[in-house]
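Peer 1: Provide a 3D model corresponding to the input given below.
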Amino acid sequence: MEITIDTLFTYGRKGLFLFLLFTTVLQIIPAAHAEDINYFTYCTILVTGFWMLVSVYKINRGEEVVFNAMTLYFFYRLMNILFVRGFPGGFATGYIILVNTLIGGCFYHLFYHNENKTVFRWCINLLVALAVFEACIGASQVMFGVPYFEHLVGEELHSFSRNYFAYIIPGASKSTVLGSGTFRHFNDLGSFLVITFPILYAYWWESDRKWVLIALLINFMGIVLTFSRGALIATVIMSCILYFNFTKGRWLKMGLVFGLGLITFAVVAPLLTTYANETGNAGIRYNTWALMWEHAQTDYRMLIFGWGENYFRDEVIYWGTGLWIMNNTHNTFLQVFLENGVVGFLIFGLASGQFIFKSIQNKNIWSFAGIAMIVGFGFTQFFDHAFYNFNGAVFFAMLGALQMSKEGPFYAFSKPDILVKEAEKETEEEVTV
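Peer 2: Numbering: from 1, shown residues only. Here you go, the predicted structure:
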């Protein structure tokens, strides 16, 4: 086999995505010494260098290098860090603030330029494998209390009175372990499985493979057993986006589902109210957001241009006194709005809207999987901050990879006979015109 620059770039993309996904698994391998080695940072360094090589190569060949609203958003974030936030304690310790911006932006642009379906299939299959792995670990933690990773979650697995089934099944305990997989928190696992759910749905819808359907169901089970309410609601929303846009007689089915939904809600409303009142923690979140907003208003110039990456976590919440508050923002949208300012928030909204608008114009299952991913992950981030960690990197990588699906009919896993029939259909339509 002839080794070319393009071949090396193909292997580079595959290897880097494997490394990204493996950074979460390395945390549970004792020999990896993940408590001493920050693999996520090393992955950031590698993908940044690799993206720079790809960009220089494309420019030398006279090819276009993307510059869109998302590029502008990451550039603004970078400038915000360099000239507003700076590096608290010096670069040697403060460089970590750069990591989330660089890894998200570089993976997005690296996969945005990918035109090789082999790379796309590789990434999807790896993501599916990790989703099943994490969902199964989370389920095992809930049902059997193992595996347990003390260095990740502390002295014991997270356990709260969040068991929905106790409100349906008489005698069931309300207290339950919350599945967290190899993540530090159950919400992180929930957010990750929300990202993978629409990808798995599109994979199953196109390929019609039974094992993918089983993987999709395992993914859903994993979401349920995190007992993350935001993740579960997000999954319902994503399912509606995908199902009703790719099914015959969708308006009739939407009406039936809406009607049945209202009846079901009327029946279980008392249970839902009880569950929300007993498990909710809106007060502590409200206190945290109120403290952030109060501080943000002290300088309206910073409100417009942003206070800087992680400023509120490190400089406001951490030092909060006399209040019952959380140790992080727990609201990505508020965090983006305050730390990147009105300007950064509007740029991010424009970038997300641009993807959604183009995907709606080019209607295929993968484009709508991207829409569902944005909506679902976005919904979870109203109550979480997984946007600024591993999940954020995976989200932007997949957003870049799914750009392939917006240029026309897109098939990644279809059997040859399906592709032939589709080509014949297109030919017939051209002849008719």
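
Peer 1: how close does Phe165 sit to Ser180?
Peer 2: From Phe165 over to Ser180 the distance is 19 Å, taken as CB to CB, to the nearest Å. All C-beta atoms are positioned from the backbone trio N, CA, C, and that covers glycine.

Peer 1: Compare the two and say which is more crowded by neighbours.
Peer 2: Ser180 (26 against 12; other CB atoms under 10 Å).

Peer 1: and that one, what does it touch?
Peer 2: By CB atoms under 8 Å, 6 or more residues apart in numbering, the contact set of Ser180 is 138, 141, 152-153, 157-158, 186, 188-189, 226.

Peer 1: what does Gly105 give?
Peer 2: The contact partners of Gly105, by CB under 8 Å, 6+ apart, come to 71, 74, 77-78, 396.

Peer 1: same thing but at 7 Å, please
Peer 2: When the contact criterion is CB atoms under 7 Å, 6 or more residues apart in numbering, the partners of Gly105 are Phe74.

Peer 1: Please apply the same query to Phe111.
Peer 2: Remark: with contacts taken as CB under 7 Å, 6+ apart, Phe111 is in contact with 13, 397, 400-401.

Peer 1: returning to what we had before: ranking by neighbours, what's the top pick from the contacts of Ser180?
Peer 2: Among the contacts of Ser180, the one with the most neighbours (other CB under 10 Å) is Thr226, at 33 neighbours.

Peer 1: Surely Asp314 forms part of a helix?
Peer 2: Yes - residue state for Asp314 (DSSP: H, G, I helix; E, B strand; the rest coil) corresponds to a helix.

Peer 1: Leaving out chain neighbours, which residue sits closest to it?
Peer 2: Nearest in space to Asp314, with sequence neighbours left out and distances taken as CB to CB, 6 or more residues apart in numbering, is Pro88 at 6.8 Å.

Peer 1: Surely Phe227 and Leu178 touch.
Peer 2: Yes - counting by CB atoms under 7 Å, Phe227 touches Leu178, with 4.9 Å between them.

Peer 1: where do the contact lists of those two overlap?
Peer 2: The contact sets of Phe227 and Leu178 overlap at 162, 186 (CB under 7 Å, 6+ apart).

Peer 1: count of neighbours near Leu78?
Peer 2: Neighbour count for Leu78, taken as other CB under 10 Å: 15.

Peer 1: Helices along the stretch 1-150 of the chain, start to end?
Peer 2: Ranges of helices in the stretch 1-150 of the chain, per DSSP state H, counting those that start in this stretch, are 5-25, 39-60, 69-80, 91-94, 96-112, 117-144, 150-153.

Peer 1: same deal with the stretch 251-400 of the chain?
Peer 2: So, for the stretch 251-400 of the chain - with DSSP H, counting those that start in this stretch - the helices run 282-296, 300-305, 311, 332-339, 341-361, 365-380, 390-401.

Peer 1: nearest to Thr48, of those helices?
Peer 2: Thr48 sits nearest to helix 390-401 of all the helices of the stretch 251-400 of the chain, at 12.0 Å, using CB to CB.

Peer 1: now the closest one, how far from the centre of its chain.
Peer 2: 6 Å (CA atoms, centre = their mean, to the nearest Å).

Peer 1: Taking helix 332-339 as reference, get the angle to that helix.
Peer 2: Counting by axes from the mean of the first three to the mean of the last three CA atoms, to 10 degrees, helix 390-401 lies at 90 degrees to helix 332-339.

Peer 1: ok, now how distant is the nearest residue to Ser140 once chain neighbours are set aside from Cys136?
Peer 2: Excluding its sequence neighbours, the residue lying closest to Ser140 (CB to CB, 6+ apart) is Val146, at 6.2 Å. Distance, Val146 to Cys136, by CB to CB: 12 Å.

Peer 1: So between these two, which is more surrounded?
Peer 2: Comparing Val146 with Cys136 by neighbour count (other CB under 10 Å), the higher total belongs to Cys136, at 15 against 10.

Peer 1: ok, and for stretch 65-73, which residues are buried?
Peer 2: Neighbour counts using 16 or more other CB atoms under 10 Å place 69-71, 73 of stretch 65-73 among the buried residues.
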